[in-house]
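1. what's the 3D shape of this:
(2 chains)
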Amino acid sequence: MHLSLDGLTVAIDGATLVHSLSLDVPDGSVVGLVGPNGSGKSTALRCVYRALRPTGGTVRVGGDDLASLKPREGARRVAALTQESSSDLDFTVAEVVALGRVPHQRGNGPLTARERELCASAMESMDVAHLAHRGVLTLSGGERQRVLMARALVQEPRVLVLDEPTNHLDVRHQIHLLSLLREVGVTTLVVLHDLNLAAAACDRLGVLSGGRLVAAGPPADVLTPALVREAFGVEATVVPHPLTGAPQLLYRLTHQEGTP
Amino acid sequence: MSPTPAPPLTASPPAAPPAAPRPRWLTTPAGTAVTAAALALLLAASTLPAIGLGTALVPPAETLRYLWAALTGGSIASDEVTRYQIIWNIRTPRVLLAALVGAGLGAVGVAVQALVRNPLADPYILGVSSGASVGAVTVGVLGALAALGPYAVSAGAFAGALAATLLVHLISRSAAGTTPLRLVLTGVALSFGFQAIMSVIVYLVPGNEATSTVLFWTMGGFGAATWGSLPAVAALVLAGLAVLHTLARRLDATALGDETAASLGVDTERLRRVLFLVTALMTGAMVAVSGAIGFVGLVVPHVVRILVGAAHRRVLTVAPLAGAVLMVWVDLASRTVAAPRELPLGVLTALIGVPVFLLLMRRRGYLFGGR
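-> I've put the predicted structure just below:
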């Protein structure tokens, strides 16, 4: 399902966090959003999973203005992995994963056989099936992140919105998660901090700086030394990956000009 | 494509795959159903001794006979009228009220803890009880609402509870919606304000009337229970329980955080408004007839979560039953332990509840909001 941000603007308490951001995420593609801290990435995402109402512009999902959809209908189309990973209550892993079915259910009835199957396979694919009956508050950060990802998959969304999904994950699970995204073929908008992972995982990248989109396009076009210097204030050498050809950034850990 | 497993570093055989994990039995649908059924039976079985025992001791067979006579319109001997009156007109409504209020406090405790996202919250944290006390004392002292006769003070308490809740709601609102922290801070601050107003009234008004009214509302008790006051409380509490039960899954989603709840299609702002209204009406009704009975609404939710897990569908099924059983026994103890004097209910709920709570908390690694 096609996702598009159209002139999205968010202002909170007089500060404009996102300036008329327009971005297309074609059906089935993975688009990465990168940028320095405070550049408005998460704020833009929050508008897509409806934790925030944009001040201006629209978010369209499958052609429909998200604001015109009922919350439940919106949640059937868009699932999110948010940055908040806390829970007040000690639900079991299986219970948290099953909450992904909330937008599809009416009342308090139990899960159907198909839904239970869905939960089991999502837990399997995120490598948390063995934790099914553990309390989520006893898990490590990475385990919890995988549980929340399984919950998002169980939602059977047409669009996935992920805010730093590789946070807390070890390198094996990072690579597994990002390759899974390519495999499931759901339209995905993902915020990533690791530019090399972003270049490897995304069809297109959008670079945000100061709430504005400063570049967008295929990773090889976007991740140039000049842009990395301009947007992140970092000197990087860009080389093609010897096997895949994706651009990879190499840094030198010496004092860099332009950084404090 | 699944990740290729790392090659083993040694030649040792791979560990056997862990056995398929099983949920704790109490947290399964069958376990919860059995728990609920056992508590319901216990509640039913508890009412008989609770009605029969007291300063005037009535044996179970005789108690049953009176209850049967009252329900079927049967006749009793003329020398039994006093005992019949005690059983049917004093103790039965009292025990029913205790069960209702226990059930209501247990469920409201769960709802308020979810509403303000705080394990220390109880049904009175949003100023309902102190607002009710001010309402009751004002009515008692000024003699307002006299048209309502014996229900004037209760009506005043209910009005005070709702006014306090409305005030908390209006003050804690902001452009970005009502956050749990603002809500709880506003509630606590206004509670202090109401208590100050109450103290001023008690101080300025001569006589003991105001003092004893205040004492009743802060300590709580079922001594004022009558058949006349029961239907209104029963209706509000039972309707409230039903509404809370329909919100169970949305409460689960909200416990994962507002952002996640939004991504699951839950309108948290609206959910909070509904919760706020329902808990205020229920608490207001309960406080109006029985005062502020402490501790039950704080501890019953935690004890129930320790037993059946955190899912609200299960907690909201079991907590009302557990609260009702606890309340019936605490009320019985309060009027028999030091008879003919009545011990304050709050004292006994704490004496029974604290050890049970601490024991359960230590036995299971109970977590609420982190380690």
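2. Figure out the helix or strand that the closest residue to chain B within chain A lives in.
-> Among the residues of chain A, A:Ala75 lies closest to chain B, at 2.9 Å counting by CB to the nearest CB. Any C-beta I mention is one placed from the backbone N, CA and C, and that applies to glycine too. Taking DSSP states H and E as the criterion, A:Ala75 maps to helix A:71-77.
3. Show me what counts as buried in that helix.
-> Within helix A:71-77, the residues scored as buried using 16 or more other CB atoms under 10 Å in any protein chain shown are A:71-72, A:74-77.
4. same question, stretch A:10-22
-> By neighbour count with 16+ other CB under 10 Å, stretch A:10-22 contains the buried residues A:10, A:16-19, A:21.
5. I'd like the residues you listed laid out as JSON lines, including pLDDT.
-> As requested, those are exported to JSON lines (pLDDT from 0 to 100):
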{"residue": "A:Val10", "pLDDT": "92"}
{"residue": "A:Thr16", "pLDDT": "89"}
{"residue": "A:Leu17", "pLDDT": "92"}
{"residue": "A:Val18", "pLDDT": "91"}
{"residue": "A:His19", "pLDDT": "90"}
{"residue": "A:Leu21", "pLDDT": "92"}
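6. and those, which two are the farthest apart?
-> By the measure CB to CB, A:Thr16 and A:Leu21 form the most distant pair in the buried residues of stretch A:10-22, at 10.9 Å.
7. Just want the residue of chain B that's nearest chain A.
-> B:Gly265 (2.9 Å).
8. shouldn't the residue of chain A closest to chain B be in contact with A:Gln105?
-> No. Here A:Ala75 does not reach A:Gln105: they are 11.2 Å apart, not a contact under CB atoms under 8 Å.
9. just checking, B:Met286 is part of a helix?
-> Yes. Remark: B:Met286 belongs to a helix, assigned using DSSP: H, G, I helix; E, B strand; the rest coil.
10. Next up, the contacts around it.
-> Contacts here follow CB atoms under 8 Å, 6 or more residues apart in numbering or on different chains; on that basis B:Met286 touches B:100-101, B:104-105, B:108, B:123, B:233, B:237.
11. Please apply the same query to B:Gly109.
-> In this structure, B:Gly109 makes contact with B:121-123, B:296-301, B:319, B:323, judged by CB under 8 Å, 6+ apart.
12. again, 10 Å this time
-> By CB atoms under 10 Å, 6 or more residues apart in numbering or on different chains, the contact list for B:Gly109 reads B:121-125, B:279, B:283, B:295-302, B:304, B:315, B:319, B:323.
13. For the residue positioned nearest the centre of chain A, what is the enclosing helix or strand?
-> Among the residues of chain A, the one closest to the centroid is A:Leu162, at 1.6 Å (CA atoms, centre = their mean). Secondary-structure element containing A:Leu162, defined by DSSP H and E: strand A:159-163.
14. same check, this time on A:Ala150
-> helix A:141-154.
15. May I see the buried residues of that helix?
-> Judged by neighbour count using 16+ other CB under 10 Å, the buried positions of helix A:141-154 are A:143-154.
16. Identify the residue spatially nearest to the residue nearest in space to the middle of chain B, adjacent ones excluded.
-> Centrality entry for chain B: nearest residue to the mean C-alpha point is B:Leu105, 0.5 Å, by CA atoms, centre = their mean. Closest residue in space to B:Leu105, ignoring its immediate chain neighbours: B:Gly297 at 4.0 Å, by CB to CB, 6 or more residues apart in numbering or on different chains.
17. Show me what the one helix or strand that neighbour maps to is packed up against.
-> Assigning secondary structure by DSSP H and E places B:Gly297 in helix B:296-308. If you count contacts as 3 or more CB pairs under 10 Å, 6 or more residues apart in numbering or on different chains; DSSP states H and E, helix B:296-308 packs onto helix B:29-52, helix B:92-116, helix B:268-290, helix B:312-336, helix B:345-363.
18. Tabulate those helices (TSV), appending mean pLDDT and distance to A:Asn196.
-> Putting the helices and strands packed on helix B:296-308 into TSV (pLDDT from 0 to 100; distance: least, CB to CB, whole Å) gives the following:
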stretch	mean pLDDT	distance to A:Asn196
helix B:29-52	90	47
helix B:92-116	93	42
helix B:268-290	89	37
helix B:312-336	93	43
helix B:345-363	77	46
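19. for those, which one ends up most surrounded?
-> Compared across these, helix B:92-116 shows the largest average neighbour count, a mean of 28 (mean count of other CB atoms under 10 Å in any protein chain shown).
20. so it versus helix B:29-52, what angle?
-> 140 degrees (axes from the mean of the first three to the mean of the last three CA atoms, to 10 degrees).
21. Run the chain-centre distance for helix B:92-116.
-> Average the C-alpha atoms of helix B:92-116, do the same for its chain, and the two points are 3 Å apart (CA atoms, centre = their mean, to the nearest Å).
22. where does the stretch 51-200 of chain A have low pLDDT?
-> Of all residues in the stretch 51-200 of chain A, those with pLDDT under 70 make up the ranges A:85-86.
23. Spell out which residues are contacts of both of A:Thr16 and A:Leu21.
-> The contact sets of A:Thr16 and A:Leu21 overlap at A:9-10, A:40, A:211-212 (CB under 10 Å, 6+ apart).
24. What subset of the residues you listed is buried?
-> For the shared contacts of A:Thr16 and A:Leu21, a burial check counting by 16+ other CB under 10 Å picks out A:9-10, A:40, A:211.
25. Out of those, which sit inside strands?
-> In strands, defined here by DSSP state E, the members of those are A:9-10.
26. As CSV, the buried ones among the shared contacts of A:Thr16 and A:Leu21 with distance to B:Pro29 would be great.
-> Rendered in CSV, the data for these read as follows (distance: CB to CB, whole Å):
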residue, distance to B:Pro29
A:Thr9, 48
A:Val10, 43
A:Gly40, 45
A:Gly211, 49
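27. Which stretches in chain A count as helices?
-> Under the criterion DSSP state H, chain A carries helices at the ranges A:41-48, A:71-77, A:93-98, A:113-125, A:141-154, A:171-184, A:195-201, A:219-222, A:225-232.
28. any idea which of those helices is most buried?
-> When you average the neighbours per residue for each of the helices of chain A (mean count of other CB under 10 Å), helix A:93-98 leads with a mean of 26.
29. right, is that one up against chain B?
-> Yes. In this structure, helix A:93-98 sits against chain B according to CB under 10 Å from any CB of the partner chain; the contacting residues are A:93-96, A:98.
30. Could the C-alpha coordinates of that helix be exported in CSV?
-> Extracted as CSV, the C-alpha positions of helix A:93-98 are listed here (Å, rounded to 0.1, in the frame of the first residue of the first chain):
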residue,chain,number,x,y,z
VAL,A,93,5.5,-11.9,25.8
ALA,A,94,2.6,-13.8,24.3
GLU,A,95,0.1,-11.3,25.6
VAL,A,96,2.0,-8.3,24.3
VAL,A,97,2.3,-9.9,20.9
ALA,A,98,-1.4,-10.7,20.8
